[in-house]
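*Asks:* Structure for the following, please:
(chains A and B)
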Amino acid sequence: MSEAIKQEPRILPYVLAINEGIAEVLREQEMAFLAGEDVAEAGGVYGYCGGLLAEFGEDRVIDTPISEKGIMGLGVGASATGCRPIIDLMFMDFVGECMDEVANQMAKMRFMFGGGATLPVTVLTMGGAGGNLAAQHSQSLEAWLAHLPGLKVVMPSDAYDAKGMIIAACRDDNPVFVVLNKASLALSMEVPEGAYEVPIGKAIVRREGTDLTIVGIGRMVHEAMAAAEQLKELGLDVEVIDARTVQPFDTETVINSIKKTHRALIVHEAVKFCGIGGEIVAQIQEFAFDYLDAPVMRVGAPFSPVPFSPPLEKAYIPSADSIVAQVKQTLEL
Amino acid sequence: MAKKPNVKKKVAKKPATKKKAVKVAKSTPRRAPKKAIKGPGDKVLLELHLKMVRIRRFEETAGRLMEDGKIPGALHLYVGQEAIAAGVMQHLSNEDWITSTHRGHGHLVAKGGEFKPMYAELFGRSTGYCGGKGGSMHISNMKLGMLGANGIVGGGPPIAMGAAFSNKFKKNKNVSIAFFGDGASNEGSIHEAANMAALYKLPCVFLCENNGYGEYTRQSKHQAIVDVADRASGYGMPGVVCDGMDVMAVYEAAGEAIDRARAGDGPTLLECKTYRYYDHVGIRGMGLNYRTDEEVAEWRKKDPIESFEKRLVQLGVMTQKKIDNVYASVDKQVEEAVEFANDSPYPNVEDLLDNVYCVKEA
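*Replies:* Next comes the predicted model:
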């Protein structure tokens, strides 16, 4: 490495951090392979598999037919028999095509077999709205997955986490879904070279504050940070927590924050009804009821499929403004 | 069924574009010829016989115990189909994988499953193969290469394809067998798994046990074809039909398909025509009016074990006394295993959450 590069922080977009995460895993784990639709020759529809075929060859970077049941079955069968598959599920919306393989096979096999099987399989999938891709290519379905005992579900909000969480997921001996975000692909930041892990199951405080805790899921962390700036002008000192993982959820970090701030808001891009936010609110009232000074707030998408038309989609996705509006309404600011 | 001429293995090259679309697809799978019984040697013949007897006696007892309320939940019995599990598993070692179905006890018995942990699992006891967490529909043993019975019709084949991929990835010579029924053949999961197995030339055999019924619906009411093996050409793999009531026919046809897979020549769809003596669930079943006693009696005349025993006696491989001894010995093992299961403790309630996840020791 040259001196010039050493001195400059290495800035990478989210999309290239994903690529580095996969590459690090393929380098360090000889039983790992990547399989999915268009991942090899085309390098992935979002480009994050670029160069992997050239480096690792066609035995380890594998184009599959458009067959999600087959691809997920490949992940289940190969992981149970000694491989460490990385399965690319192009869009999270397509999980409906393979929900049996995910819910009834992958999630349950170890338990049903009394511990006889171990399934070190990682599923990368692209979630979220913001690209005018309409109702079947824009969903945030993490609550479907988090409801299944046996799965882990992580949602990296930035490039550093994307790389570190892919590596952590692939080193884990359980099925892990890494829910990526298509609206974050160009988000850039300093990303270290080499392999590192962002631990699964640990939330992180992104901004410290004393008056209100906002728990953000996935990309909504950035909206929460922007909302915190706006709320500062209204005299509220906001703490922002990036949940990072939704299953297993880090209740402790959230509760510790609320003991300090006494107010909480959960924000996710998924539909609000039966979203992860509902579960987090339930845990807060269970473990921190006496510390609360205000009703716990939730911001999520309305109970509607994701709309196509740009102004409708913009209105649909939660934002810093909608977070601020909810805070103003509940706290009567 | 009208006897069809033996047709040469047909791997799809190009779709027959010249032909006009016809209403009924032409049946093209190769018919496995009747094989002479001698050939594999007496040792194999005796093992095939023992496997079938073990399955039958295990199942008859299991069915009675369920109906007497000793075994909780539901059991899907394999009685009538024994020739298939025996004939296929005779070619496999513990290093070869299988995925089974909801009717899975027979597969595990033939793969080397022991009666004690099998009955214990059906009883929901801690000494069972799955520690009582799985029961009949999820009974499994990874050390025996058994990737589980499966409560989802069509759930196994994508997993078997994945296991076959694993074998190819590791560059070993092991194979993977996906058992499924005529009912499951209509599930999309099998279509995807078969296409991928053929595309990647995986060491896999798609083994259809066509017992004529998908649960309570006869085959003619759930698909427009007679031979599931017809579908093989659509995947670019050979399709073979054999008599699933004849253990030697299964043994020969499965051997060929398995040899082909081990040689790296890709998957085969082998369909074995068979029949389920008992109901979809249990022995007496639910009394649903979907097939006649006469039909069951007709199929019982082709009983795979009785007919094989007759031939073994004719050939001088076994005597009736030796056959009786086999049953006596198996029955004793059944009795001891049931006693073991019945005396085994239930799992600890405190251990309920064990193995939801794999937790690494610190």
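
*Asks:* for the chain, what spans make up the helices?
*Replies:* I went with chain A, as the question did not name one. Using DSSP state H, the helices of chain A run over A:3-7, A:14-28, A:52-56, A:68-80, A:99, A:109-112, A:142-146, A:159-171, A:220-233, A:251-261, A:276-288, A:310-316, A:320-331.

*Asks:* actually it's chain B I care about, not the one you picked
*Replies:* Using DSSP H, helices in chain B cover B:42-67, B:82-89, B:105-110, B:115-122, B:156-169, B:188-199, B:219-222, B:247-262, B:293-300, B:304-314, B:320-343.

*Asks:* Now do the contacts for residue A:214.
*Replies:* A:224, A:227-228, A:238-241, A:264-267, A:323 (C-beta atoms under 8 Å, 6 or more residues apart in numbering or on different chains). To be clear about C-beta, it is placed using only N, CA and C from the backbone, and glycine gets the same treatment.

*Asks:* Reformat the helices of chain B as JSON lines; add mean pLDDT.
*Replies:* Formatted as JSON lines, the helices of chain B follow (pLDDT from 0 to 100):
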{"stretch": "helix B:42-67", "mean pLDDT": "97"}
{"stretch": "helix B:82-89", "mean pLDDT": "98"}
{"stretch": "helix B:105-110", "mean pLDDT": "98"}
{"stretch": "helix B:115-122", "mean pLDDT": "98"}
{"stretch": "helix B:156-169", "mean pLDDT": "98"}
{"stretch": "helix B:188-199", "mean pLDDT": "98"}
{"stretch": "helix B:219-222", "mean pLDDT": "97"}
{"stretch": "helix B:247-262", "mean pLDDT": "98"}
{"stretch": "helix B:293-300", "mean pLDDT": "96"}
{"stretch": "helix B:304-314", "mean pLDDT": "97"}
{"stretch": "helix B:320-343", "mean pLDDT": "98"}
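
*Asks:* how's chain A carved up into domains?
*Replies:* Domain assignment for chain A, taken from automatic domain parsing, gives A:9-190, A:204-331.

*Asks:* Deepest-packed of the ones you listed, please.
*Replies:* Most buried of the domains of chain A by mean neighbour count (mean count of other C-beta atoms under 10 Å in any protein chain shown) is domain A:9-190; its value is a mean of 22.

*Asks:* Please state the offset of that domain from the chain centre?
*Replies:* Centroid separation for domain A:9-190 versus its chain: 11 Å, with C-alpha atoms, centre = their mean, to the nearest Å.

*Asks:* same deal with stretch A:263-280?
*Replies:* 14 Å.

*Asks:* From start to finish, how long is that stretch in a straight line?
*Replies:* One end of stretch A:263-280 sits 13 Å from the other (C-alpha to C-alpha, to the nearest Å).

*Asks:* what pLDDT, on average, does it get?
*Replies:* The average pLDDT within stretch A:263-280 is 98.

*Asks:* just stretch B:231-239 next, same as before
*Replies:* Mean per-residue pLDDT for stretch B:231-239: 98.

*Asks:* For that stretch, what is the distance to the chain centroid?
*Replies:* With C-alpha atoms, centre = their mean, you get 20 Å for stretch B:231-239.

*Asks:* likewise stretch B:226-235?
*Replies:* Relative to its chain's centre, stretch B:226-235 lies at 19 Å (C-alpha atoms, centre = their mean).

*Asks:* before we move on, what about stretch B:272-281?
*Replies:* Here stretch B:272-281 is found 11 Å from its chain centre; the criterion is C-alpha atoms, centre = their mean.

*Asks:* Next, find the distance separating residue B:341 from residue B:185.
*Replies:* Distance of residue B:341 to residue B:185, given as C-beta to C-beta, to the nearest Å: 34 Å.

*Asks:* show me the contacts for residue 304.
*Replies:* I'll assume chain A. A:271, A:316.

*Asks:* meant chain B, my bad for not saying
*Replies:* Per C-beta under 8 Å, 6+ apart, neighbours of residue B:304: B:52, B:80-83, B:244-247.
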